[in-house]
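Peer 1: coords please:
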Amino acid sequence: MSGGALSDWLQQGLDRASDQPLYRQLRDLLLQAAMQGRLPAGAKMPSSRVLARELGIGRNTVTEVYETLIAEGCLHGRGGSGTYVADLAGDRMPEPEVAASVESEAPPALSQRGKLLREGAGFSPHQWGAFMPGVPDVSEFPAQVWGRLLSRAWRRPPPERMTYAPPGGLLELRAAIAAHLRDARSLNCAPEQVVITTGSHQSVDLAARMLLDPGDCVWLEDPCYWGLRSGLQSLDLDLRAAPVDGEGLNCALAEHLPPPRMVIVTPSHQYPLGSVMSLARRQTLLERARRWGAVIVEDDYDSEFRYGTRPIPCLQGLDRGGRVIYVGSFSKTLFPGLRVGYLVAPPALAEALADGSAELYREGQQITQAVLADFIREGHFGAHIRRMRGLYGSRRQILRDAIEKEFGGALQASGDNAGLHLILRLPDGADDRRIAAEILAAGLSTRPLSRYFADPHTAPSGLLLGYAGVKEEAIGPAFSRLAEVLRRHLVL
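Peer 2: You can find the predicted model right below:
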């Protein structure tokens with residue numbers, strides 16, 4: 001393409017009324033011309049002065065475009081002799097002699113691991129309102145207090161707080177979390193044992209990656225949170241379902257399973273059933289873990305919100321052998337979008353897990369961590385927990401009353417001594433997945449209980465109903481709408 005023909009072609013392509021800058025348009029057009037062969041390899045480009053005059057644009061614009069395309073490898077300069085089109089085909093793989101098959105023209109496919117992860121996904125685009133389980137009332141968060149602390153932290157932040165976080169996270173936050181856990185949850189921990197993560201998912205992922213090899217056996221409670229199961233499946237582990245009853249995980253009923261390298265439990269408030277692991281079961285699990293050489297991951301899910309009694313001491317507080325990794329987060333106690341969690345590692349593993357976190361995830365957000373540390377140290381966190389515990393307890397009772405009003409004793413609620421949800425038990429044979437889908441279509445959110453079991457076909461039927469994110473006056477009317485859907489499916 002001659003210089004004049006190039007200018008004419010570029011004039012036709014430039015849209016001077018467009019919001020896109022002329023610099024960007026010219027760069028894209030010249031790149032397109034080179035890729036399509038309009039500008040053959042080795043062709044000399046017009047000088048920036050000439051092209052600018054012919055296009056009626058500033059010479060600086062053309063010069064900047066030439067420099068950009070030289071940096072991208074589309075053009076190259078020859079000292080003193082001008083700018084030339086590079087050979088863009090030089091690095092391409094030679095075309096095969098045989099025509100490509102239809103399969104080779106298909107877009108990249110997911111791996112088997114990716115397919116399994118996607119097929120088992122249970123996340124919901126709806127994360128607010130009646131009756132989404134596991135969601136706190138974020139509208140009650142003391143945003144003004146947080147904003148004041150955030151403004152203070154940003155006033156004159158030390159430069160090191162605007163870089164990647166040190167291994168384990170900001171020490172001030174680790175110390176604040178350790179002090180809170182010693183007081184509120186009876187943990188045995190020092191700040192150096194705390195590793196800051198983005199939440200329970202990442203904490204478990206870190207522990208699994210650092211302590212397990214592909215094929216290692218992991219016991220998961222049955223039922224358990226499906227997101228945990230999906231994440232661990234992607235690590236090629238041997239996942240086994242360990243049965244849960246009214247006293248938590250039952251090692252006696254799991255005798256037929258291979259000895260695990262890791263056991264993941266929710267002893268203080270089993271998710272989703274709500275049962276509490278008895279002291280005898282806790283001691284048995286600790287003894288078995290010592291015999292197996294296994295580590296226990298204790299997910300202290302919703303432990304801060306217990307109604308009628310004080311929070312139950314954690315399993316880690318009973319551990320004398322350094323077998324328990326304690327996992328927690330601020331997603332339910334503050335707000336999910338904060339994306340701050342933590343694990344408390346045994347002293348022998350703490351430094352390795354902190355190093356592993358720094359290498360795998362390259363965490364930052366030190367300003368947020370500093371604000372959270374101040375929020376805890378200045379007493380705002382404890383005050384917020386106490387206020388929300390009373391509020392959620394009231395909403396829990398209103399939902400129970402609504403169930404009683406609509407169904408009397410025909411349907412039973414359970415698992416609500418702690419946490420942010422209860423389970424509405426359905427008659428045997430009820431298709432809780434279909435019912436949950438129709439409830440969603442009616443503008444409400446629930447979770448089918450069978451979804452949490454390893455084998456949903458033999459699982460009991462029920463619905464998880466979250467009450468924390470629903471205003472008191474909205475609970476009764478919302479449940480009446482849900483009850484209409486239930487009556488279409490149930491014979492009571």
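Peer 1: Provide a list of residue ranges in this structure with pLDDT below threshold.
Peer 2: In the predicted model, the chain carries pLDDT under 70 at residues 1-3, 90-105, 120-128, 311, 492.
Peer 1: Domain boundaries for it, per the record?
Peer 2: 3-85, 157-378, 383-487 (automatic domain parsing).
Peer 1: I'd like these as CSV, with distance to Gly129 and mean neighbour count appended.
Peer 2: Any C-beta I mention is one placed from the backbone N, CA and C, and that applies to glycine too. Converted to CSV, those look like this (distance: least, C-beta to C-beta, whole Å; neighbours: other C-beta atoms under 10 Å):
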stretch, distance to Gly129, mean neighbour count
domain 3-85, 38, 15
domain 157-378, 14, 19
domain 383-487, 6, 18
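Peer 1: For the protein, give the helix that spans the most residues.
Peer 2: With DSSP state H setting the assignment, residue counts place helix 380-407 as the longest helix in the chain.
Peer 1: Just list what that one packs against, helices and strands only.
Peer 2: Other elements packing on helix 380-407 under the criterion 3 or more C-beta pairs under 8 Å, 6 or more residues apart in numbering; DSSP states H and E are helix 171-185, strand 413-414, strand 421-425, helix 472-487.
Peer 1: can you give me the helices in the stretch 101-250 of the chain?
Peer 2: Along the stretch 101-250 of the chain, counting by DSSP state H, counting those that start in this stretch, helices occupy 112-119, 143-155, 171-185, 200-211, 226-233.
Peer 1: the strands in the stretch 251-400 of the chain, which residues?
Peer 2: Assigned by DSSP state E, counting those that start in this stretch, the stretch 251-400 of the chain shows strands spanning 262-265, 295-299, 324-329, 341-344.
Peer 1: quick one: contacts for the residue positioned nearest the centre of the chain?
Peer 2: The centre of the chain sits closest to His201, judged by C-alpha atoms, centre = their mean, with a distance of 6.2 Å. By C-beta atoms under 8 Å, 6 or more residues apart in numbering, His201 lies in contact with Gly227, Leu228, Gly231.
Peer 1: Between those, which sits nearest Glu438?
Peer 2: Gly227 (23.6 Å; C-beta to C-beta).
Peer 1: Compute the distance between that closest one and Pro259, please.
Peer 2: Separation of Gly227 from Pro259 (C-beta to C-beta, to the nearest Å) stands at 25 Å.
Peer 1: How much space separates Phe44 from Leu6?
Peer 2: Check again: residue 44 is Lys, not Phe. Taken as C-beta to C-beta, the span from Lys44 to Leu6 is 11 Å.
Peer 1: cool, and His489?
Peer 2: Distance of His489 to Leu6, computed by C-beta to C-beta: 70 Å.
Peer 1: Surely Arg396 is in contact with Val470?
Peer 2: No - Arg396 is beyond contact range of Val470, at 10.6 Å (criterion: C-beta atoms under 8 Å).
Peer 1: re the thing from before, I'd like the contacts of His201 as JSON lines, with distance to Leu420 appended.
Peer 2: Shown next, in JSON lines, are the contacts of His201 (distance: C-beta to C-beta, whole Å):
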{"residue": "Gly227", "distance to Leu420": "16"}
{"residue": "Leu228", "distance to Leu420": "17"}
{"residue": "Gly231", "distance to Leu420": "21"}
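Peer 1: any idea which of the residues you listed is the one closest to Pro313?
Peer 2: Leu228 (23.1 Å).
Peer 1: Would you confirm that the closest one contacts Leu220?
Peer 2: Yes - Leu228 lies in contact with Leu220 (C-beta under 8 Å); the separation is 6.7 Å.
Peer 1: Reformat the domains of the chain as JSON lines; add distance to Ser151.
Peer 2: Putting the domains of the chain into JSON lines (distance: least, C-beta to C-beta, whole Å) gives the following:
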{"stretch": "domain 3-85", "distance to Ser151": "35"}
{"stretch": "domain 157-378", "distance to Ser151": "9"}
{"stretch": "domain 383-487", "distance to Ser151": "19"}
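Peer 1: of all these, which lies closest to Ala109?
Peer 2: The closest of those to Ala109 is domain 157-378. By C-beta to C-beta, the value is 16.3 Å.
Peer 1: what about that closest one, how long is it end to end?
Peer 2: Domain 157-378 has its terminal residues 19 Å apart, counting by C-alpha to C-alpha, to the nearest Å.
Peer 1: what does stretch 262-281 give?
Peer 2: 17 Å.
Peer 1: just stretch 441-453 next, same as before
Peer 2: First residue to last in stretch 441-453 (C-alpha to C-alpha) measures 24 Å.
Peer 1: for stretch 359-373, same thing?
Peer 2: Across stretch 359-373, the straight-line distance between its terminal residues is 23 Å, by C-alpha to C-alpha.
Peer 1: My guess is Gly466 contacts Ile423. True?
Peer 2: No - Gly466 lies out of contact with Ile423 (C-beta under 8 Å); the separation is 10.9 Å.
Peer 1: And for Met306, nearest residue in space, chain neighbours not counted?
Peer 2: Quick fix: residue 306 reads Arg, not Met. Nearest non-adjacent residue to Arg306, counting by C-beta to C-beta, 6 or more residues apart in numbering: Ala418, 4.1 Å away.
Peer 1: That neighbour against Pro267, yeah?
Peer 2: No - judged on C-beta under 8 Å, Ala418 makes no contact with Pro267 at a distance of 11.7 Å.
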